[in-house]
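# Need a 3D model of the sequence below.
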Amino acid sequence: MLKAERIRERILGALPGSEVQVNDTTGTGDHFEAYVVSTAFAGKPMVQQHKLVYAAVQDWLQTGELHALALKTYTPEQWKKLGPR
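As a prediction, this is how the structure comes out:
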């Protein structure tokens with residue numbers, strides 16, 4: 001069973017300097033959602049942004065240890081425009 005913090009660490013390793021929040025959506029340790037804010041996303045379409053994140057956890061997706069990872073990706077500028085949460 002995966003923990004949100006392990007996924008967060010993997011994403012941060014792939015996208016250093018990013019802001020990453022990961023939540024277990026079902027409590028079963030295999031379905032998560034992640035919010036990732038990174039300068040690496042600048043100028044990239046959403047599909048490319050998601051590929052950057054999924055690459056960090058691809059091995060877990062292939063083995064089924066991680067069944068689902070819903071992503072919300074933003075550049076710092078986009079995140080700032082969303083305002084306080």
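
# make it CA atoms for all contacts and neighbour counts henceforth
Will do.

# hey, what's the residue nearest in space to the middle of the chain bridged with?
Central residue of the chain (Cα atoms, centre = their mean): Ala34, 4.2 Å from the mean position. Residues in a beta bridge with Ala34, per DSSP bridges, are Val22, Leu71.

# wait, it sits on Leu71?
Yes. Taking contacts as Cα atoms under 8 Å, Ala34 lies within contact range of Leu71: 5.1 Å.

# re earlier: pull the contacting residues for the residue nearest to the centre of the chain.
By Cα atoms under 8 Å, 6 or more residues apart in numbering, Ala34 lies in contact with Val20, Gln21, Val22, Asn23, Leu69, Ala70, Leu71, Lys72.

# What about the first one, how many residues nearby?
By the criterion of other Cα atoms under 10 Å, Val20 has 18 neighbours.

# Show residues contacting whichever strand or helix holds it.
Following DSSP states H and E, one finds Val20 within strand 19-24. By Cα under 8 Å, 6+ apart, the surrounding residues in contact with strand 19-24 are 3-5, 7-8, 11-12, 30-38.

# Tell me which of those fall in strands.
His31, Phe32, Glu33, Ala34, Tyr35, Val36, Val37 (DSSP state E).

# any idea which of those residues is closest to Leu61?
When the ones in strands among the contacts of strand 19-24 are ranked by distance to Leu61 (Cα to Cα), His31 comes first, at 10.7 Å.
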